[in-house]
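*Asks:* any chance you could fold what I've pasted below:
(one chain, ligands or ions: 1)
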Amino acid sequence: MESNILLDLKNVNKVFGNNHVLKNINLQIERGKFITFLGPSGCGKTTLLRSIAGFYTVDEGEVWIDGKLVNDLPPYKRGTPMVFQEYALFPHMTVFDNIAYGLDIKKRPEAEVQQRVKDVMAQVKLTGLEERYPHEMSGGQQQRVAMARALVMNSPIILLDEPLSNLDAKLREEVRVELRAIQQELGLTVIYVTHDQLEALSMSDQIVVFNKGAIDQYGTPHEIYYEPRTQYVADFIGTTNFIEAVVMQNKGGKAIVRYGQAGDNVTIATDEKLTEGEEVLLSVRPESLRLNQPEVGEFHVFGVVKSSMFLGEKERYFLADQSGKEWIVDAYDIGQKTFEGQVQMSAAADKIHIIKKNKE
Ligand SMILES: Nc1ncnc2c1ncn2[C@@H]1O[C@H](COP(=O)(O)OP(=O)(O)OP(=O)(O)O)[C@@H](O)[C@H]1O
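*Replies:* I've put the predicted structure just below:
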């Protein structure tokens, strides 16, 4: 039976000189998923992508594609094309020739090339544009051509390295939607590299968050956002409030923690192994806190409003609690109501996430 796992990375390590760029990467990717490699510049995303494509050989570990160990295979034998920034189309070639390029290189018979290109152009809805040149196409159409070039080769995985980074914001969003639509319609397996958190959250089935060459978390956008495993992940994805707390009890997936100067308790669901007396961090997102609505939850802190900022769909408040710690609260749909002076911040316990402190 065909395995659902298309890419399997086992303990992959890569070193450049004395720079240990990939550290014990273990990752399994299922067929038909849109996977994003997310992390700041220099954390090893591109190096891993190139190691999958075969442009780099790994120093340790195994790369399996579709049940085959490919460590010693060159890129063209792995069949995993990479699409780079600006789609890397040949400007002097027509759309048809751009798409046919890979097949021509492989010296496939003319009739087969004609048929394959025709089929793939229909798949990505470009039929009729065969004779256009890249500069005569919109950004979204160019992205489709780039995808078609990969599709025509029957690639098992399509690797995209920040393909949208040179586009302006509006076009970027348009092309994002387009790209995700093609991937879903055709059931493609795509690995997409970006340092843009919103891009990752909005497009992916699963996100891999990189931290200095290691994987900090691999999960759905919701898991990454609401259940960050480390402080680094919580901090990197969006804005959050961290609160120092101490574990009083941990039983049956529920921990009672003490927080704040008054020593209040709250019970929070968690999978983490926590011991009594352990110091932890709580993470609560600005939109999960309510001002002067104590009935919304089990977690409460008093603060003083320092300033606020109107952001269209929300008002962002900056507050300080009694210890001087800064808090950020986003208030939605409050009409003309504004908050000043001392206020109470409240959150439901299920909107609070416990992070173990000893993880980086
Ligand atoms: N061919 C190479 N030779 C030596 N060092 C390299 C090489 N390629 C990458 N590096 C180093 O490896 C580290 C990771 O680089 P990589 O390009 O994988 O990061 P990245 O997360 O993709 O960042 P970016 O978003 O800036 O591309 C960096 O310190 C980089 O300088």
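
*Asks:* so how far is residue 128 from the residue in the stretch 151-300 of the chain that the ligand sits nearest to?
*Replies:* Closest approach between the stretch 151-300 of the chain and the ligand, counting by Cβ to the nearest ligand atom: residue 195, at 5.3 Å. C-beta: built from backbone N, CA, C; applies to glycine. To residue 128, residue 195 is 36 Å away according to Cβ to Cβ, to the nearest Å.

*Asks:* neighbour count winner among those two?
*Replies:* Legend: neighbour count by other Cβ atoms under 10 Å for residue 195 and residue 128, higher for residue 195 (18 against 10).

*Asks:* nearest spatial neighbour of residue 44, skipping sequence neighbours?
*Replies:* Nearest non-adjacent residue to residue 44, counting by Cβ to Cβ, 6 or more residues apart in numbering: residue 213, 4.3 Å away.

*Asks:* tell me which residues touch the one you found, please.
*Replies:* Residue 213 sits next to 20-23, 43-44 when contact means Cβ atoms under 8 Å, 6 or more residues apart in numbering.

*Asks:* circling back to that earlier point, isn't the residue of the stretch 151-300 of the chain closest to the ligand up against residue 40?
*Replies:* Yes: under the criterion of Cβ atoms under 8 Å, residue 195 makes contact with residue 40 at 5.8 Å.

*Asks:* residues near residue 306, how many?
*Replies:* Residues contacting residue 306 under the criterion other Cβ under 10 Å number 11.

*Asks:* quick check: which element contains it?
*Replies:* strand 299-310 (DSSP states H and E).

*Asks:* and if you look at residue 149?
*Replies:* Using DSSP H and E, residue 149 falls in helix 139-151.

*Asks:* got the CA coordinates for that helix in CSV?
*Replies:* Output of helix 139-151 as CSV, limited to C-alpha atoms (Å, rounded to 0.1, in the frame of the first residue of the first chain):
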residue,chain,number,x,y,z
GLY,A,139,1.7,38.0,-11.0
GLY,A,140,-0.9,35.4,-10.3
GLN,A,141,-0.7,33.9,-13.8
GLN,A,142,3.1,33.9,-13.6
GLN,A,143,2.8,31.9,-10.4
ARG,A,144,0.6,29.4,-12.2
VAL,A,145,3.2,29.1,-14.9
ALA,A,146,5.8,28.4,-12.3
MET,A,147,3.6,25.7,-10.8
ALA,A,148,2.9,24.3,-14.2
ARG,A,149,6.6,23.9,-14.8
ALA,A,150,6.9,21.8,-11.7
LEU,A,151,3.7,19.8,-12.4
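
*Asks:* past it, which element shows up next along the chain?
*Replies:* Sequence order places strand 158-161 as the next helix or strand after helix 139-151, per DSSP H and E.

*Asks:* so, low pLDDT: which residues of the stretch 151-300 of the chain?
*Replies:* The model of the stretch 151-300 of the chain has pLDDT under 70 over residues 166-167.

*Asks:* can you pull the residues of it lying near the ligand?
*Replies:* Counting by Cβ under 6 Å from any ligand atom, the positions of the stretch 151-300 of the chain adjacent to the ligand are residue 195.

*Asks:* all strands of the stretch 151-300 of the chain, in order?
*Replies:* For the stretch 151-300 of the chain, the strands defined by DSSP state E, counting those that start in this stretch occupy 158-161, 190-194, 206-211, 214-219, 241-251, 254-259, 264-269, 279-284, 290-291, 299-310.

*Asks:* what helix or strand is the closest residue to residue 64 other than its chain neighbours located in?
*Replies:* Closest residue to residue 64 apart from its sequence neighbours, by Cβ to Cβ, 6+ apart: residue 8 at 4.0 Å. Assigned by DSSP H and E, residue 8 belongs to strand 5-16.

*Asks:* alpha carbons of that strand, in CSV - could you do that?
*Replies:* The C-alpha coordinates for strand 5-16 follow below in CSV (Å, rounded to 0.1, in the frame of the first residue of the first chain):
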residue,chain,number,x,y,z
ILE,A,5,4.2,9.8,4.3
LEU,A,6,5.8,11.4,1.2
LEU,A,7,8.8,13.0,2.8
ASP,A,8,10.6,11.5,5.8
LEU,A,9,13.6,13.3,7.3
LYS,A,10,15.5,11.3,9.9
ASN,A,11,18.0,13.0,12.2
VAL,A,12,19.2,15.4,9.5
ASN,A,13,22.3,17.4,10.3
LYS,A,14,24.2,19.9,8.1
VAL,A,15,27.3,21.8,9.0
PHE,A,16,29.0,24.6,7.1
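
*Asks:* how distant is the helix or strand just after the strand holding residue 306 from the center of its chain?
*Replies:* Proceeding N to C from strand 299-310, the next assigned helix or strand is strand 314-321, under DSSP H and E. Averaging C-alpha positions (Cα atoms, centre = their mean, to the nearest Å) puts strand 314-321 27 Å from its chain's average.

*Asks:* got the domain boundaries for this protein?
*Replies:* Domain assignment of the chain by automatic domain parsing yields the ranges 5-234, 239-356.

*Asks:* out of those domains, which one sits most buried?
*Replies:* Ranked by mean neighbour count, the domains of the chain are led by domain 5-234 with a mean of 18 (mean count of other Cβ atoms under 10 Å).
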